[in-house]
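Engineer: Sequence plus the predicted model coming up.
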Amino acid sequence: MPQLLGEYECKIDSKGRMRLPSSLMEQFGVEGAHPFIVNRGMEKCLTLYPKGVWEVIIARVNKLNVYKKKNREFMRFIYRGATEIAPDASDRILLPKRLVEYAGIEKEVVLSAVNDRVEIWSKERYDQMLNDEPDDFSDLAEEVMGDVDMTDPSVPTSPDRENHAE
């Protein structure tokens, strides 16, 4: 699975086409057409999944008990609007009109690479999200990561950092 990084500003044309930046495409690591799944994301963005990542997620989703209401609702949400797409020879993808409308995308978008997927935001919504960031990121980091054992060998560390047991 790719470990994607970066934030990219792009434009979408009147037909719903958007060129994926070459530096982002390089991170997928495969020459030629890259199949993707695009779908509604959380917080009114779209999510672009490499097809292999989508297949792992869907394999887990398909194991949910459909006789539980919350599971059915989640399954409907995750499948609703999911569309397979592939870049053309110019690395452009065509975003489905209903998904573009859902995300409030007009002309400018921000692609935010998050781990193994890419969030596609309307520039306006993305900027608003940045404005709504917590005043003290360190409090959020402590709450989310405070109990994670950073010396655990299964957690990758940067190559220039040594693991020392103190």
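Structural biologist: Structure received. Numbers count the residues shown, from 1 in each chain.
Engineer: ok, and for stretch 35-53, which residues are buried?
Structural biologist: By 16 or more other C-beta atoms under 10 Å, the buried positions in stretch 35-53 come out as 36-41, 45-50, 53. No exception for glycine: its C-beta is placed from N, CA and C like everyone else's.
Engineer: Show me how far it is from its chain's centre.
Structural biologist: Computed by C-alpha atoms, centre = their mean, to the nearest Å, the chain-centroid distance of stretch 35-53 equals 6 Å.
Engineer: For the helix or strand where Ser138 lies, give me every contacting residue.
Structural biologist: Assigned by DSSP states H and E, Ser138 belongs to helix 137-145. Contact with helix 137-145 is made by Pro134, as judged by C-beta atoms under 8 Å, 6 or more residues apart in numbering.
Engineer: Break down the protein into its helices, ranges please.
Structural biologist: Under the criterion DSSP state H, the chain contains helices at 22-27, 51-61, 69-79, 97-103, 123-131, 137-145.
Engineer: Check which residues of the shortest one are buried.
Structural biologist: In this case it means helix 22-27. Under 16+ other C-beta under 10 Å, the buried positions of helix 22-27 are 24, 27.
Engineer: Determine the set of other helices and strands touching that helix.
Structural biologist: Secondary-structure packing of helix 22-27 (3 or more C-beta pairs under 8 Å, 6 or more residues apart in numbering; DSSP states H and E): strand 108-114.
Engineer: one more time with 6 Å, if that's ok
Structural biologist: Here helix 22-27 touches no other helix or strand, going by 3 or more C-beta pairs under 6 Å, 6 or more residues apart in numbering; DSSP states H and E.
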